[in-house]
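S.K.: Okay, structure incoming, though there's no sequence with it:
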């Protein structure tokens, strides 16, 4: 069984905003870090995002240029799947069960070390389902970061029915080393945060559909109550498509309870290609 001190190399799959943020955390914590995506360009874009984050830290006097270079020296961007052999692998790809399951099957064939930990950053898909049919399912652990990963403190450590307590504890300890505040949770629909926080999105979307208020008004009102970001700004940051996928999954897992019903307005925006910040338009223009 691996211990925290045995972890030397961490691989992150998915070089978008979430994956690059996780890779930044790993490199900052001193780990040799591999950031993978399907193309060389996508992987390189992930490194650019990290460099921009570090430049922001330098501007705020929280990092030196030398510290930035030291972190970047521990990072490697790649589109070669064979380079994902690591002590811990964290996937941060599209929120789709079939895609994630296929990825874990390939990782299990690639990585010869049966004690390597395979983590999913899923925000809604059951870890038990992801581990089904994977050799040594006890090493599959949920490691759910929050966006933006390099700033948000919380990490949900999720145990499926086959996850070993020792591996869950190892991921908990690793999260702390990455500077996070982890919590343990069982494999319940939406885990903890999305089960509770999803109402922040769905009720706001219902208000919009009922024309009770405009998106800008709802955001302004909730921000004035102390929320750091209004629901529509947050959905734009997360990605309307990602947020919608989570909503649909929770709707299904909760046996189609009306309170989790997806929004028609959000579906129309996704169908139009308006996915939020990453596409230049969502509820707002960017």
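M.R.: Structure's in. What do you need? Given the structure is predicted, the values throughout are model-derived calculations rather than measurements.

S.K.: CA atoms for contacts and neighbours, from now on please.
M.R.: Fine.

S.K.: All the strands of this structure, in order from the start?
M.R.: Secondary structure of the chain, counting by DSSP state E: strands at 9-13, 32-36, 75-78, 88-91, 117-120, 140-145, 154-159, 181-186.

S.K.: Show me which residues of the last one are buried.
M.R.: By neighbour count, and taking 16 or more other Cα atoms under 10 Å as the criterion, the buried residues in strand 181-186 are 182, 184, 186.

S.K.: other SSEs contacting the longest helix seen in the chain?
M.R.: With secondary structure taken from DSSP state H, the chain has its longest helix at helix 40-59. Secondary-structure packing of helix 40-59 (3 or more Cα pairs under 8 Å, 6 or more residues apart in numbering; DSSP states H and E): helix 17-28, strand 32-36, helix 65-73, strand 75-78.

S.K.: Can you tell me the number of residues neighbouring the nearest residue to residue 28 once chain neighbours are set aside?
M.R.: Excluding its sequence neighbours, the residue lying closest to residue 28 (Cα to Cα, 6 or more residues apart in numbering) is residue 71, at 5.6 Å. Residue 71 has 22 neighbours, counted by other Cα atoms under 10 Å.

S.K.: which residues does residue 71 contact?
M.R.: 24, 27-28, 30 (Cα atoms under 8 Å, 6 or more residues apart in numbering).

S.K.: what does residue 174 give?
M.R.: Under the criterion of Cα under 8 Å, 6+ apart, the contact list for residue 174 reads residue 4.

S.K.: For residue 179, which non-adjacent residue is closest in space?
M.R.: The shortest distance from residue 179 to any non-neighbouring residue, by Cα to Cα, 6+ apart, is to residue 153 (7.4 Å).

S.K.: Against residue 25, how distant is the one you found?
M.R.: Between residue 153 and residue 25 the distance is 11 Å, computed by Cα to Cα, to the nearest Å.

S.K.: Overlap of the contact sets of these two?
M.R.: Shared contacts of residue 153 and residue 25, counting by Cα under 8 Å, 6+ apart, come down to residue 179.

S.K.: These two - which one has more neighbours?
M.R.: Ranked by neighbour count (other Cα under 10 Å), residue 153 and residue 25 place residue 25 first, with 23 against 17.

S.K.: contacting residues for the more buried one?
M.R.: 150, 178-179.

S.K.: For residue 238, give me the pLDDT.
M.R.: For residue 238, the pLDDT comes out at 88.

S.K.: hang on, I meant residue 148
M.R.: Listed pLDDT for residue 148 reads 86.

S.K.: what's the answer for residue 184, then?
M.R.: On the pLDDT scale, residue 184 gets 98.

S.K.: List the residues that contact the nearest residue to it once chain neighbours are set aside.
M.R.: Nearest residue to residue 184, sequence neighbours excluded (Cα to Cα, 6+ apart): residue 157, at 4.9 Å. Residues near residue 157 by Cα under 8 Å, 6+ apart: 141-144, 168, 171-172, 182-185.

S.K.: Quickly list what residue 157 is bridged to.
M.R.: On the basis of DSSP bridges, residue 157 is bridged to residue 143, residue 184.

S.K.: Local confidence estimate at it?
M.R.: For residue 157, the predicted pLDDT is 98.
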